[in-house]
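**Q** Turn this into a model:
(2 chains)
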Amino acid sequence: MLEIKDICFKRDNKIILDHINLKLDEEKFYVITGPNGSGKSTLAKIIMGIEKPDSGTILLDGKDITDFSVDERAKQGLSFAFQQPVHFKGITVYDLLSIATGKNIDKKAACEILSQVGLCAKEYVDREVNASLSGGELKRIEIATVIARNPKVAIFDEPEAGIDLWSFQNLTDVFQELEKNSKGITLVISHQERILNIADQIILLEQGKVKQVGTREEMLPFILQTPKCCQKGSERHE
Amino acid sequence: MNDTDKNLLKEISDSDIKQADAYNIRKNGKGVSRKTNPYINIVPKEDNQGIDVYVTENTLLSIIHIPVLLTESGLKDVVYNDFHIGKNSNVIILAGCGVHNDKHKDTEHDGIHRFFLEENAKVKYMEKHYGEGDGSGKNILNPVTEIFMKPGSNMTMDTTQIKGVDDTLRETKAIMDENTTLVINEKILTNGEQHAKTIFHVELNGENASTHVTSRSVATESSYQEFVSDITGNSSCYAHVECDAILKENGHVKSIPEIYAKNPNANLIHEAAIGKIQGEQLMKLMSLGLNEKEAEDVIIKGFLK
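**A** Residues are numbered from 1 along each chain as shown, chains lettered A, B, ... in the order given. Model (predicted):
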């Protein structure tokens, strides 16, 4: 279980996260959603240790990991897919997957991981992780590095960011598989209805606070109603 | 050959020299061992100041090895090696210089290599530089490479200098006829107080001549590197020069690009990026379980791979 207790985070005198409390259970698929600037990505980064909270604690299976560095958290079983995958010169997809698994895997094993994210493995395994790959391909490779670790907590920061709608539609299959098969906690930051539709639990953040938590059935009608204000806005334009 | 020689040879060569189709080993200014065959002849120049390598027309997939070993401190060795590559030949040439300097005197090797590629000849040239030894004397290597390319010829040059060379001035010049291709990949890592300067002069004279020069370097501690490229396009040609450098501690890197299109159809590109390892790269690898030092090593190793 991952427990987030009373997390607060302020930057430039602005409150980004305001006393966040959450409990996340194994084998569940959570989606954190909310408007831009609600603190979703910051919360994800705090869980991974990329950002340090001003106060509050994070417990993994009862163990306080609040002061753990990113690599220490990784060793405890946390894993993180970045919103913008990083480019590397001279490091291949195979190298990255090898590092991710923490052992000298063979190319066949690397190919199996890639096929889980829908990449035709042979074409990719020896390619460098750089701009010669498309946004969608880089995103899948990023997700593959997380899956390869078989983590206790897998965090995905806006998997839809930076890729076209068609690539994203294919990507939702990967998350559907995770929802079915993952033994750990899956936590996805997303605005996309297709991802919300997979969630066991949806967490709605607004202005740095948890506004509501509930099952997909409870939350979806509520969330999908909210854009009405935009419709009004467009009516005014007319 | 003693153990020091064998170790030096191992450092500058990944393959067993005896497996080569032809070779010439030079130690402390003298040729000590040579192998030739009916297609590849190696002839020492008068006064022992180098060799001429002749590759007969249509010689395919041959490996030629020409290592240089320096173990005498205080020696200044200047050598002129000329490679005459016949029409339609395709050869791999492995060169390199290993220096072991245990004393206080400077040891220097200046290798001047000239390549004459006839029509449609193809050469892959690999050069590795390595220095070692506990003495205070410097290890100095100043290689000069001159490449003359006849129509349709193709050359790839990979140079690597990873360890132990205190001072380097590397100069590469190429003159290219039509439909020629020249690819240069340079890798340098400097540390301590080392200095390394590389200069590339390329003249693309023939139609459809094309060159791609990539320099990847890592400057650590208080070392200094300078990269100069001077590319002239005299025809409808293509050139791409990339200089990427990673800085660590107090490393300094200077890049001076010069591209000059003398023909309106010349297409010349220069890219240079110098900086520390990106924080995002470290963070990604740390999120995969590596500590900061391990992540840095992986990034540098990949960069210089």
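
**Q** What segments of the stretch 51-200 of chain B are strands?
**A** Per DSSP state E, counting those that start in this stretch, the stretch 51-200 of chain B carries strands over the ranges B:60-70, B:76-85, B:90-100, B:107-117, B:122-132, B:139-141, B:144-149, B:154-163, B:167-176, B:181-190, B:195-204.

**Q** ignore the last one, chain A
**A** Using DSSP state E, the strands of chain A run over A:2-11, A:14-24, A:29-33, A:55-60, A:63-64, A:78-81, A:153-157, A:185-189, A:201-206, A:209-215.

**Q** I'd like the ones you listed as JSON lines, with mean neighbour count, mean pLDDT and distance to chain B appended.
**A** C-beta here means a position set from N, CA and C on the backbone, and glycine is covered the same way. Below are the strands of chain A laid out as JSON lines (neighbours: other C-beta atoms under 10 Å in any protein chain shown; pLDDT from 0 to 100; distance: least, C-beta to the nearest C-beta, whole Å):
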{"stretch": "strand A:2-11", "mean neighbour count": "17", "mean pLDDT": "97", "distance to chain B": "16"}
{"stretch": "strand A:14-24", "mean neighbour count": "17", "mean pLDDT": "96", "distance to chain B": "18"}
{"stretch": "strand A:29-33", "mean neighbour count": "23", "mean pLDDT": "97", "distance to chain B": "18"}
{"stretch": "strand A:55-60", "mean neighbour count": "17", "mean pLDDT": "97", "distance to chain B": "15"}
{"stretch": "strand A:63-64", "mean neighbour count": "10", "mean pLDDT": "97", "distance to chain B": "17"}
{"stretch": "strand A:78-81", "mean neighbour count": "27", "mean pLDDT": "98", "distance to chain B": "5"}
{"stretch": "strand A:153-157", "mean neighbour count": "24", "mean pLDDT": "97", "distance to chain B": "9"}
{"stretch": "strand A:185-189", "mean neighbour count": "25", "mean pLDDT": "97", "distance to chain B": "14"}
{"stretch": "strand A:201-206", "mean neighbour count": "21", "mean pLDDT": "96", "distance to chain B": "22"}
{"stretch": "strand A:209-215", "mean neighbour count": "15", "mean pLDDT": "96", "distance to chain B": "25"}
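
**Q** Can you say which of those is nearest to B:F148?
**A** strand A:78-81 (51.7 Å; C-beta to C-beta).

**Q** How far does that closest one sit from its chain's centre?
**A** 7 Å (C-alpha atoms, centre = their mean, to the nearest Å).

**Q** Can you list the strands that that strand pairs with?
**A** Neighbouring strands of strand A:78-81 in its sheet, by DSSP bridges, are strand A:153-157 (parallel).

**Q** Tell me if B:K6 really is in a strand.
**A** No. With DSSP: H, G, I helix; E, B strand; the rest coil as the criterion, B:K6 is assigned helix and is not in a strand.

**Q** between the strands of chain A, which one is nearest to B:D167?
**A** Nearest to B:D167 among these is strand A:78-81; the distance by C-beta to C-beta comes to 44.5 Å.

**Q** quick one: contacts of the closest one?
**A** Applying C-beta atoms under 8 Å, 6 or more residues apart in numbering or on different chains, the contact partners of strand A:78-81 are A:44, A:47-50, A:60, A:65, A:142-143, A:145-146, A:149, A:151-157, A:159, B:287-288.

**Q** hang on, the earlier thing: want to try CSV for the strands of the stretch 51-200 of chain B, with distance to chain A and mean neighbour count as columns?
**A** What follows is the strands of the stretch 51-200 of chain B, written out as CSV (distance: least, C-beta to the nearest C-beta, whole Å; neighbours: other C-beta atoms under 10 Å in any protein chain shown):
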stretch, distance to chain A, mean neighbour count
strand B:60-70, 23, 21
strand B:76-85, 29, 19
strand B:90-100, 21, 24
strand B:107-117, 27, 21
strand B:122-132, 17, 21
strand B:139-141, 24, 24
strand B:144-149, 24, 20
strand B:154-163, 13, 19
strand B:167-176, 21, 20
strand B:181-190, 10, 22
strand B:195-204, 18, 22
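
**Q** want to throw those strands into CSV with mean pLDDT?
**A** Output for these, formatted as CSV (pLDDT from 0 to 100):
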stretch, mean pLDDT
strand B:60-70, 92
strand B:76-85, 93
strand B:90-100, 91
strand B:107-117, 93
strand B:122-132, 92
strand B:139-141, 89
strand B:144-149, 97
strand B:154-163, 92
strand B:167-176, 96
strand B:181-190, 96
strand B:195-204, 97
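
**Q** Including distance to A:L138, could those strands go into a markdown table?
**A** Formatted as a markdown table, the strands of the stretch 51-200 of chain B follow (distance: least, C-beta to C-beta, whole Å):
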| stretch | distance to A:L138 |
| --- | --- |
| strand B:60-70 | 37 |
| strand B:76-85 | 41 |
| strand B:90-100 | 35 |
| strand B:107-117 | 39 |
| strand B:122-132 | 32 |
| strand B:139-141 | 40 |
| strand B:144-149 | 37 |
| strand B:154-163 | 28 |
| strand B:167-176 | 35 |
| strand B:181-190 | 25 |
| strand B:195-204 | 32 |
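
**Q** Identify whichever of these lies nearest to B:E221.
**A** Closest to B:E221 of these is strand B:181-190 (C-beta to C-beta; 8.2 Å).
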